[in-house]
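J.: After the sequence you'll find the predicted model.
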Amino acid sequence: MTCDEALPLMHEYLDGSTDGTEAAELKKHLLQCPECNRVFRELEMTDALVKSSPHVAAPDDLTDRIMKSLPVRPKRESWLGWVKRHPAISVASVFLFVMLGSFLSMWSQDQELTVKGSNLDQLVIEDGTVYLPKGHRVSGNLMVRGGDVQIDGELDGNLVVVDGQYHTASTATISGKIYSINQAAEWLVYQVKEIFVPAAQ
Ligand SMILES: [Zn+2]
């Protein structure tokens with residue numbers, strides 16, 4: 001079995017519409033091909049998420065707009081090639097269709113300041129600003145939503161600022177990347193990447 005034959009079978013397998021022979025062939029290929037194995041695990045996860053969320057319906061207009069901004073698969077290119085080149089975005093597009101509705105409603109109900117990370121005792125939170133003072137250190141990623149961030153100390157991970165501004169002092173050390181996200185759709189794609197592309201670098 002080739003990779004191009006395997007991908008449609010993965011979908012059929014997850015839909016429960018493969019026969020025994022096809023399923024066995026697919027499993028054989030997945031054992032031999034790490035790339036298809038990875039794609040399969042992502043699809044399986046998407047499938048599980050979709051099946052665990054029966055009440056979601058995406059608003060047509062927004063889904064359309066996001067789908068139009070996704071990369072288009074050239075006709076000549078195989079699905080697998082396209083998935084390989086856009087691992088996060090292609091899985092995200094599957095995900096967006098079904099999850100967007102519920103996510104955006106969560107989004108609009110949840111506008112207060114949210115801080116996510118480890119050793120949060122290193123932070124000072126005042127007047128809607130999350131402050132990492134000089135000499136203080138947060139290990140791991142820091143995510144702040146709905147507030148501003150001031151980094152004077154050391155952040156050993158990524159900084160993710162959603163719907164807020166960030167400032168870094170000259171004393172600040174940030175070992176990871178800074179993501180500033182100000183739109184719900186971008187935020188969703190970021191989340192999807194976090195879920196589906198763990199430590200890809
Ligand atoms: Zn393969």
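T.: Arrived safely. Numbering: from 1, shown residues only.
J.: what does the average pLDDT come to for stretch 1-10?
T.: For stretch 1-10, mean pLDDT rounds to 87.
J.: Can I get it as CSV, trimmed to CA atoms?
T.: Coordinates of each C-alpha in stretch 1-10 appear next as CSV, following Å, rounded to 0.1, in the frame of the first residue of the first chain:
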residue,chain,number,x,y,z
MET,A,1,0.0,0.0,0.0
THR,A,2,1.2,3.5,-0.8
CYS,A,3,0.8,6.6,1.3
ASP,A,4,-1.7,8.0,-1.2
GLU,A,5,-3.8,4.9,-0.8
ALA,A,6,-3.6,4.9,2.9
LEU,A,7,-5.0,8.4,3.6
PRO,A,8,-8.5,7.8,2.2
LEU,A,9,-8.6,4.5,4.0
MET,A,10,-7.8,6.2,7.3
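J.: where along the chain do the strands fall?
T.: Using DSSP state E, the strands of the chain run over 114-116, 124-126, 129-132, 137-139, 142-145, 148-151, 154-156, 159-162, 166-168, 173-174, 178-181.
J.: what's the burial count for residue 132?
T.: Each residue near residue 132 was counted by other CB atoms under 10 Å, and the total is 25. To be clear about C-beta, it is placed using only N, CA and C from the backbone, and glycine gets the same treatment.
J.: And for the one 3 residues further on?
T.: A count of neighbours around residue 135, defined by other CB under 10 Å, yields 10.
J.: need the contact list for residue 141.
T.: Going by CB atoms under 8 Å, 6 or more residues apart in numbering, residue 141 touches 116, 117, 157, 158, 159, 160, 176.
J.: List just the nearest of these to residue 137.
T.: Distance to residue 137 across these (CB to CB) is lowest for residue 157, with 10.5 Å.
J.: if I look at the closest one, how far off is residue 118?
T.: Going from residue 157 to residue 118 by CB to CB, to the nearest Å gives 9 Å.
J.: for the ion, what are the nearby residues on the chain?
T.: Within the chain, the positions near the ion by CB under 5 Å from the ion are 3, 33, 36.
J.: Hmm, residue 4 and the second one touching each other?
T.: Read that as residue 33. No: the criterion here is CB atoms under 8 Å, and residue 33 misses it with residue 4 at 11.5 Å.
J.: picking up where we left off before, let me know the closest of the residues of the chain next to the ion to residue 146.
T.: For these, the nearest to residue 146 is residue 36 (40.1 Å; CB to CB).
J.: Count the neighbours of the closest one for me.
T.: By other CB under 10 Å, 24 other residues sit near residue 36.
J.: and the gap between the nearest residue to it once chain neighbours are set aside and residue 24?
T.: What sits nearest to residue 36 in space, not counting adjacent residues and going by CB to CB, 6 or more residues apart in numbering, is residue 6, at 4.9 Å. Using CB to CB, one gets 13 Å for the distance from residue 6 to residue 24.
J.: These two - which one has more neighbours?
T.: Each of residue 6 and residue 24 has its neighbours counted (other CB under 10 Å); residue 6 has more, 22 against 11.
J.: about what we covered before: what's the overlap in contacts for residue 157 and residue 118?
T.: Here residue 157 and residue 118 have 138, 139, 140 as joint contacts, going by CB under 8 Å, 6+ apart.
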